[in-house]
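In: What would the 3D arrangement of this be:
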Amino acid sequence: MSAPLDIGVYAYEHTAALVDGRVTVDGMDTTFETAPLVTDIFCRMLEGRYDLAEFGLTYLLRTFDVDDAPFMALPIFPNRNFRHSAIYVNTSAGIERPQDLAGKTIGEFALYGHDAGIWPKGILSDEYGVTPDQCRWVIGGTNHPIPAFDWIPQPVPAGVDVRHAADRQTLGAMLESGEIDALISVDVPLAVLNGSTAIARLFPDYEAVERDYYRRTGIFPPMHIVAVRRELSGRTDLLQAVYRAFGAAKDLAERRYLDDAAKQHMSLVTPWFSKLFDDNRRLLGEDWWPYGVGANRKAVDTFLRYHHEQGLSKRLLTSQDIFVPALLDT
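Out: The predicted model follows:
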């Protein structure tokens, strides 16, 4: 058996079988560790605590611009989400359509170019002609103040106005008060959850907009991948075993929903879940959360283009550049 591997991953339902030991990595002595916040896993990976770990796509790409880039990617996508729903506006700011964001002050969660911000900014540019340099940006925590993430490179392109919120400020409160006009955030502002009329989503019927986006593009936006230390990136047997294990854990989660469909998902407490499951299956297919390069190349290359266009990567990368050679044919 090979030397022990330490792997960090958030305990989603599709990774839970790895964390609790129901699924193991063939021929490998592995320890899976999770954390209360997924960014804790990112930080620990950068500190050298893990051999492989879940990693935000932008966090990975930022390391490609440093000397001796430490990581490569496995085409495993633990976190993905449609992000039209991540754009919020103050209802008194005069923002009725995406084009009205030009000239506005926009908050962004955590850092300029977080994973859930790169996607909507790219979509706003591609489909509505609104580019980041047309806006002013304030970085911070949505519901709780957070300091700047000084443990990861934070490039800001020339010509883009970016500042960090004050120590005790939250972007959610700033949006509700009108201090900022809009917000792009992975976190939902508490004011929205509490029913405030001062904040609305830019796309009120975001589900319909996001479903239409998928129909047109085939993209289910990935946010995170699994990163591996570059010195391990040539270990074909190891990487293939890890890839299979993550796939097996995901298959268990998907199989549960397929098996429960015959009983109208009685094991779940969410009403009308079976209708949602049927709708999603018709749109997204039998494997609605695919791993592998082939099924995700367009989405990943789109993100890589957005990352470069937004001034966060010095060069335009492709899937061929970031994924380990052993898994390029997946």
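
In: Buried residues, the host helix or strand of residue 298. List them.
Out: Here residue 298, judged by DSSP states H and E, is contained in helix 293-309. Of the residues in helix 293-309, 293, 295-297, 299-307, 309 count as buried by neighbour count, 16 or more other CB atoms under 10 Å. Bear in mind the C-beta positions are built from the backbone N, C-alpha and C, glycine included.

In: swap in stretch 272-283?
Out: Going by neighbour count (16+ other CB under 10 Å), the buried part of stretch 272-283 is 273-274, 277.

In: any idea which of these is the one closest to residue 209?
Out: Set against residue 209, the nearest of the buried residues of stretch 272-283 by CB to CB is residue 277 (20.7 Å).

In: The closest one - nearest residue in space that isn't next to it in sequence?
Out: Spatial nearest neighbour of residue 277, chain neighbours left out: residue 257 (5.9 Å); criterion: CB to CB, 6 or more residues apart in numbering.

In: For that neighbour, pull up the helix or strand it's in.
Out: Per DSSP H and E: residue 257 is located in helix 236-260.

In: Toward the C-terminus from that helix, list the very next helix or strand.
Out: Tracing the chain C-terminally past helix 236-260 and defining elements by DSSP H and E, one meets helix 273-284 next.

In: roughly how far is stretch 178-191 from the heart of the chain?
Out: 18 Å (CA atoms, centre = their mean, to the nearest Å).

In: ugh, wrong one, I meant stretch 137-147
Out: Relative to its parent chain, stretch 137-147 has a centroid offset of 18 Å by CA atoms, centre = their mean.

In: what about that stretch, start to end distance?
Out: Using CA to CA, to the nearest Å, the span of stretch 137-147 from its first residue to its last is 16 Å.

In: list the buried ones in it?
Out: 137-143, 146.

In: what do you get for stretch 26-46?
Out: If you call a residue buried by 16+ other CB under 10 Å, then stretch 26-46 has these buried ones: 28, 30, 32-35, 38-39, 41-46.

In: ok, now stretch 117-130?
Out: Applying a neighbour-count criterion of 16+ other CB under 10 Å, the buried positions in stretch 117-130 are 117-125, 130.

In: Of the residues you listed, just say which sits nearest to residue 103.
Out: When those are compared for distance to residue 103, the smallest value, 9.6 Å, is given by residue 130; criterion: CB to CB.

In: how far away is that closest one from residue 317?
Out: Computed with CB to CB, to the nearest Å, the distance linking residue 130 and residue 317 is 24 Å.

In: Alpha carbons only: can I get stretch 234-250 in CSV?
Out: Coordinates of the C-alpha atoms in stretch 234-250 are reproduced here as CSV (Å, rounded to 0.1, in the frame of the first residue of the first chain):
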residue,chain,number,x,y,z
GLY,A,234,2.3,12.0,-12.4
ARG,A,235,1.0,9.2,-10.1
THR,A,236,-1.5,7.8,-12.6
ASP,A,237,-2.7,4.8,-10.5
LEU,A,238,-3.2,7.0,-7.4
LEU,A,239,-5.1,9.7,-9.3
GLN,A,240,-7.3,7.3,-11.2
ALA,A,241,-8.2,5.6,-7.9
VAL,A,242,-9.1,8.9,-6.3
TYR,A,243,-11.2,9.8,-9.3
ARG,A,244,-13.1,6.5,-9.2
ALA,A,245,-13.7,6.9,-5.4
PHE,A,246,-15.2,10.4,-5.8
GLY,A,247,-17.3,9.1,-8.6
ALA,A,248,-18.5,6.1,-6.6
ALA,A,249,-19.5,8.4,-3.7
LYS,A,250,-21.4,10.7,-6.0
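
In: Quick check, central residue of this structure?
Out: Against the mean C-alpha coordinate of the chain, by CA atoms, centre = their mean, the closest residue is residue 223 at 2.1 Å.

In: thinking that one is in contact with residue 118, fair?
Out: No. When contacts are counted by CB atoms under 8 Å, residue 223 is not listed as touching residue 118 (9.2 Å).

In: average pLDDT across stretch 50-69?
Out: For stretch 50-69, the mean pLDDT works out to 95.

In: and residue 251, how many neighbours?
Out: Using other CB atoms under 10 Å as the criterion, residue 251 is surrounded by 17 other residues.

In: quick one: low-confidence ranges for the stretch 1-150 of the chain?
Out: In the prediction, the stretch 1-150 of the chain carries residues with pLDDT under 70 at positions 1-2.

In: ranges for the helices of it?
Out: For the stretch 1-150 of the chain, the helices defined by DSSP state H, counting those that start in this stretch cover 16-19, 38-46, 57-63, 115-128.

In: follow-up on the earlier one: what two of the buried residues of stretch 137-147 have the greatest distance between them?
Out: Maximum distance among those (CB to CB): 18.5 Å, for 137 and 143.

In: and the closest residue to residue 294 other than its chain neighbours, what does it touch?
Out: Spatial nearest neighbour of residue 294, chain neighbours left out: residue 330 (6.6 Å); criterion: CB to CB, 6+ apart. The contact partners of residue 330, by CB atoms under 8 Å, 6 or more residues apart in numbering, come to 75, 243, 291-294.

In: how about 10 Å then?
Out: Under the criterion of CB atoms under 10 Å, 6 or more residues apart in numbering, the contact partners of residue 330 comprise 74-76, 240, 243, 247, 290-296, 323.
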